[in-house]
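Trainee: What follows is a predicted protein model with its sequence.
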Amino acid sequence: MKKFTLLFLLLNVSFLFAQKQVSGVVKDNSGAPLPGVNIIEKGTQNGVSTDLDGAYKIKVKEGATLVFSYVGYAKVEKVATEGTINIVLAEEGGQALNEIVIVGSRTAPRSNTTSALPIDVLSSKDLASTGQATFDKALQYKIPSFNTVQTPVNDATSLLDPYEIRNMGPSRTLILINGKRKNMSSLVYTQTSPGRGETGADISAIPTDAIERVEILRDGASAQYGSDAIAGVMNIILKKSTNGGSVTLRTGITGKGDGEMYGISINNGTTVGEKGFLNYTVDFSKTALANRPGILNATDEFNYWRSSTNTPAQDASLQTQVNNFLNLKPDGGNVNGAPETAAAKFEINGGSQLSDFTEMYYNAAYIFKKVNSFANYRAPYWRTASDFPYLPSLFGDGTAASYIGYVPTFIGDLNDYNATLGFKSSKNGWTSDASVTIGGNSQIYTVTNSHNRSKYSDLNPEQLAAVGGLGSNSPSDFVYADPTKTIYTGQNTFKPGGTSFNHIVGNLDITKEVSDNVSIGFGSEIRTENFEILAGDFQSYAGVGADSFQGNTPANSGKFNRYNIGFYADISANVVKGWLVNGTARHENFSDFGAANVWKLSTSINAIEDDKLTFRGSVSTGFRAPSLHQIYTEKSQSTFQGGQIAVTGIVNNVSTTARSYGVPKLTPEKSTNVSVGFGARPIKNLNITVDYYRIGVKDRIVLGNLVAFEAGRKSNDPASSDFNVYEGKNAKAFFVNGINSITSGIDYVLEYRNLIVGEGKLGFNLSGNYTIQNKIDGAVKNPTSVQNLGTTATPIYAGQTALTSGQNPVLAGQTVFNATQDALMFTSRPKFKNIIGVNYEINDFGISLNNTTFGSTKFKQADFSKPGLFTTFKTAQVTDLGVTWTASKEVTISFNMNNMFNVVPKFTIKSDGSASANAIVNNPAALKNEYNNITFNGRYPITSYDGSQFSQLGRMFSLSMNYKF
């Protein structure tokens, strides 16, 4: 009897835990496969996602119910009674996943064509089809309103490229990972290039194979998410699959034969216990240097470096040096392109059903990136051995002939991490979500193949004391000579320091469906932020600092922090059938500048049944708090002049230096957003959306130009012709609420799918962004102290006698926001951008052809000799070809030829119509001089110093193989 009972129990247990494998394909109602659909065993965390062909495979218990869900489609539940279950998801009236919150409401979201706000949804297949090596570059060729490009002059900027949505800069787009705020980078862009003065999250660090889909809300969302969401929100959804892992091998190279790329990525998942899951991604990659310098003209190079006081013998010597150097290095040794990069990326995403009502979720990521980039090559006639006698020993074998110059190398080590732990609970119609998110980013810099060329006169008293004092016994690593000569340390590697940023975010979100027509939501967020500027070693900042990249001084370094707390309430109601209204209000309070109150109202009206035509619109207010980077960054340099310490460079906004020169404290930006549009599905397989937007920003924060607050003699030598010439001294740059701006435009998307052509299916899509306005609104908001420069109230430069009325005006007319800044912010991105794509699938092959049109851009380089000159980059088309072959159920091979016609940016120097500018553009010799001015004598022939609207690398090839296991 006991044996029978035991056998009976074992049979029941084995039946209870018996599993079966279920597989199938998920398609939409037009017959197209849907990649990235979530399939969950109901009541557990066991789940998978469909692959690029819409196929899935999952092991479940006998009698289990499968839940199929995808953003914008109605959820489907199916009992697993058969081994093969094929599913068709319908769009009509469908509700998106509850986890997706970026659609503009903190309550129940809607599909793209029926939502009250414009949303782009990209699957992992969409990202992979671009053939781009990083996530941000894939978005560049899929989302018309998204722009990013590598800057020609790199150093710290090479670690991550600035990006933006709707020409609003990286600071005004909020990045979410699974609906939770991602940390910002610790880098603030200070180069004279697009993105200057901004900071943003490092989205290039996110491994593409870990992404299930990306959702981009193209509308202001400060009321829902707080600061930084003025332009929109990007939500990156991570994979959840527990079955069907894969490994991807990828390689690539440019059409010039450089920029070689190698990478391997592994994505896999597993169940954890009976009701949990864990998906993980490991990605390693390395990209070699891609270089696009120009070929220098010896005559131009000679004229550039020649002094007007040269003797004939000196001219002859310089010409010989130039000729010899350019024979050896025709491109001047310059490195200008994409830097060498190595990266390791790790990402996990998991969760577990704790009870019938509660689930736990978590995700975490760690990224390490090392980047090598280069400063301009210092030719032997630029940094000469006669001025710096130790250079032949430092960069040669000690003989004069061995010294051929040097190129400082910038090495950046980036660490980025984020992690979230949260709990969701649903009971009695209430849904609550409580979570904690941490994240951080640090960047440590190294400069090699350089030197500190400081003289004693460049050191301030504190620095002189640190090296033992003038004329005293020197430390062993210093060689003292004449006080007017350079202090040579024998050192060519420096540690300039770096930056670090981290945050901790706590969220509580509660929603309730009050009725079939009304949903409410409310919640709060508390966030702490910490920013640190890390000091460099002494030799990196003493005097003029390391050549090419000066270190952070201890006085400029430090730790800074703040906290904020926010509350929001949200209501969404179907007023009548087909008319949805949503309203949100938010209160936010920051420890360093106080409170902000913002709101949003959005609506959508289904004008024709079956969602064939939906009108939508929204109006909202928003804000962006000045980042800790903008408040506390100080890259100033102390020098000893006229018996006093002079401070130049970027000034800390809360410093005594800033107050003494009348620089006001930063305040939050305020915005007003308006959006009106429609979504239409007039016939099967055809989707159309058109949206107009207008974003007005008040008190926009900018990193201003250098402003000289003091005037002095150009030369203190009474015998010099410059003794009675006065100029600005001790110029400083600072962050300031400098302008108001207006940005408006139109986004449009047209997609037609599943047109039968022969034995295959053809798809077509057209999307674009057209900028109507992107300009400053009103006058520049110069601080009063800047407005008063050039009057009798002008400060006196150290060591000078009082300036006369004729000398004061040398400081007049300065501004924190000049024409160069205006161009970088408003016209350096394309006036319009269109993407036309065609894809054709037949049997085991898929072919895609995409043509991206980048509209013209305008730059106003500061190096022009006349204010009426500017450069215009011509409209250009970049064509990408992709071919995919499904060799077997396990193996897929993809080949991409990006920019197949090898199109590169091309600029033209133009005149604003003024007589002085017209005289130059109509004079070939004068025009050549201006070209040399903005390209450093042809070293940057494609983009100039300031950049362009798309990559200068030209044609690129990539090949990948994906193996499913």
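Mentor: In hand now; what should we look at? Numbering: from 1, shown residues only.
Trainee: what about the strands in the stretch 151-300 of the chain?
Mentor: Remark: strands assigned in the stretch 151-300 of the chain by DSSP state E, counting those that start in this stretch are 163-165, 173-177, 180-181, 211-217, 232-238, 246-254, 261-272, 276-287, 290-291.
Trainee: Is it possible to get JSON lines of those strands that adds mean pLDDT, mean neighbour count and distance to Ser352?
Mentor: For the C-beta atoms, the positions are set from N, CA and C on the backbone; glycine is no exception. Below are these laid out as JSON lines (pLDDT from 0 to 100; neighbours: other Cβ atoms under 10 Å; distance: least, Cβ to Cβ, whole Å):
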{"stretch": "strand 163-165", "mean pLDDT": "91", "mean neighbour count": "24", "distance to Ser352": "35"}
{"stretch": "strand 173-177", "mean pLDDT": "94", "mean neighbour count": "25", "distance to Ser352": "19"}
{"stretch": "strand 180-181", "mean pLDDT": "96", "mean neighbour count": "24", "distance to Ser352": "18"}
{"stretch": "strand 211-217", "mean pLDDT": "91", "mean neighbour count": "24", "distance to Ser352": "19"}
{"stretch": "strand 232-238", "mean pLDDT": "93", "mean neighbour count": "25", "distance to Ser352": "16"}
{"stretch": "strand 246-254", "mean pLDDT": "96", "mean neighbour count": "18", "distance to Ser352": "24"}
{"stretch": "strand 261-272", "mean pLDDT": "94", "mean neighbour count": "18", "distance to Ser352": "6"}
{"stretch": "strand 276-287", "mean pLDDT": "95", "mean neighbour count": "20", "distance to Ser352": "3"}
{"stretch": "strand 290-291", "mean pLDDT": "94", "mean neighbour count": "22", "distance to Ser352": "45"}
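Trainee: any chance of those in TSV, plus distance to Lys370?
Mentor: Putting the strands of the stretch 151-300 of the chain into TSV (distance: least, Cβ to Cβ, whole Å) gives the following:
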stretch	distance to Lys370
strand 163-165	21
strand 173-177	23
strand 180-181	27
strand 211-217	23
strand 232-238	23
strand 246-254	19
strand 261-272	15
strand 276-287	9
strand 290-291	17
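Trainee: Just tell me which of those ends up closest to Pro389.
Mentor: strand 290-291 (31.4 Å; Cβ to Cβ).
Trainee: Gly83 is nearest to which of the strands of the stretch 151-300 of the chain?
Mentor: Nearest to Gly83, of all those, is strand 261-272, at 19.3 Å by Cβ to Cβ.
Trainee: Just checking: what are the partner strands of the closest one?
Mentor: In the sheet, strand 261-272 lines up against strand 246-254 (antiparallel), strand 276-287 (antiparallel) (DSSP bridges).
Trainee: Reformat those strands as TSV; add distance to Gly232.
Mentor: Below are the strands paired with strand 261-272 laid out as TSV (distance: least, Cβ to Cβ, whole Å):
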stretch	distance to Gly232
strand 246-254	30
strand 276-287	26
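Trainee: low-scoring pLDDT stretches of the stretch 801-950 of the chain, where are they?
Mentor: Scanning the stretch 801-950 of the chain with the threshold set as pLDDT under 70 gives 801-809.
Trainee: So which residues of it form helices?
Mentor: Along the stretch 801-950 of the chain, counting by DSSP state H, counting those that start in this stretch, helices occupy 819-822, 915-921, 924-935.
Trainee: so of those, which one's packed in deepest?
Mentor: When the helices of the stretch 801-950 of the chain are scored by mean count of other Cβ atoms under 10 Å, the highest mean neighbour count falls to helix 819-822 (a mean of 19).
Trainee: next one: it to chain centre, how far?
Mentor: When distances are taken as Cα atoms, centre = their mean, to the nearest Å, helix 819-822 is centred 21 Å away from the chain's centroid.
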